[in-house]
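> need coordinates for the following:
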Amino acid sequence: MSRVLKAKYFPNWSCLDARLGSNPSFIWRSIFEAQAVIKNNIRRRVGNGIKVQVWADAWLPGRGSGKITSHRPLGIRDMNVAAFRDITGRHWNVDRINNLFNEEDRLLILSIPVSAQDRKDGYWWKRENNGDYSVKSCYRSLMGEFQVEGWKGWKQLWDLKVPPKFKFFVWQVLDGSLPAVDSLRKKGW
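Numbering: from 1, shown residues only. Below is the predicted model:
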């Protein structure tokens, strides 16, 4: 199935850069709708650096967007990360990095270990510490649970001396799981 979708919708580029196209199948439309969620939650993992675009891709560690903040000099097209390795390919070309990037970007770039092997570039899921995608973390990302998950007030809420249905109502409000007016209207309320 993946080969068929690739041949029809994104034969010469990444699935993440694909367009919807005319008369898409239900499967492709569903995958296409998930692109924004995927793009917001992945980063490029630098291997040999050939497929990672310096200014277009999110590849820096530890930053919200993961993208380079230094301005691209006029006349320079986007280039791949491999262009910033030295001749041996085993170290960063520090002089070139120092000439093009601001201090914050330089420190982040130089903190990335250079692969001694010719390992392919990949992706990692930023919602998991190990970088592996999980349905649970994707769902939480979609539902916004990361905002209230670490809230310190849960214990106080459940210890309140009020009726349980009030505690449950407050929990639904804070969790964002309370039916909104639109969903109630759809159900005929």
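> what ranges do the strands span in this structure?
42-45, 122-125 (DSSP state E).
> show me the one of those strands that comes nearest Lys8.
Of all the strands of the chain, strand 122-125 sits nearest to Lys8, with 22.2 Å by C-beta to C-beta. Using the backbone N, CA and C atoms, a C-beta is placed for each residue, glycine as well.
> and the contacts of stretch 55-75?
42-46, 52, 54, 78, 81, 100-102, 104-105, 108-109, 111-112, 126 (C-beta atoms under 8 Å, 6 or more residues apart in numbering).
> so where is this protein shaky, pLDDT-wise?
Across the chain, the ranges flagged by pLDDT under 70 are 63, 144-152, 175-189.
> got the domain boundaries for it?
1-33, 42-133, 154-186 (automatic domain parsing).
> would CSV of the ones you listed with mean neighbour count be doable?
Conversion of the domains of the chain to CSV gives the following (neighbours: other C-beta atoms under 10 Å):
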stretch, mean neighbour count
domain 1-33, 12
domain 42-133, 15
domain 154-186, 11
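> which of those sits closest to Met143?
Closest approach to Met143 among these (C-beta to C-beta): domain 154-186, 6.8 Å.
> determine the longest helix present in the protein.
Among the segments of the chain that qualify as a helix by DSSP state H, the longest is helix 164-175.
> mind giving me the packing neighbours of that one?
Here helix 164-175 touches helix 154-159, going by 3 or more C-beta pairs under 8 Å, 6 or more residues apart in numbering; DSSP states H and E.
> got JSON lines for the strands of the chain, with distance to Asp17 too?
What follows is those, written out as JSON lines (distance: least, C-beta to C-beta, whole Å):
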{"stretch": "strand 42-45", "distance to Asp17": "13"}
{"stretch": "strand 122-125", "distance to Asp17": "13"}
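> how about the nearest residue to Ile27 once chain neighbours are set aside, what does it touch?
Of all residues not flanking Ile27 in the chain, Leu5 sits nearest, at 7.2 Å (C-beta to C-beta, 6 or more residues apart in numbering). Taking C-beta under 8 Å, 6+ apart, we find Leu5 in contact with Cys15, Ile27, Trp28, Ile31.
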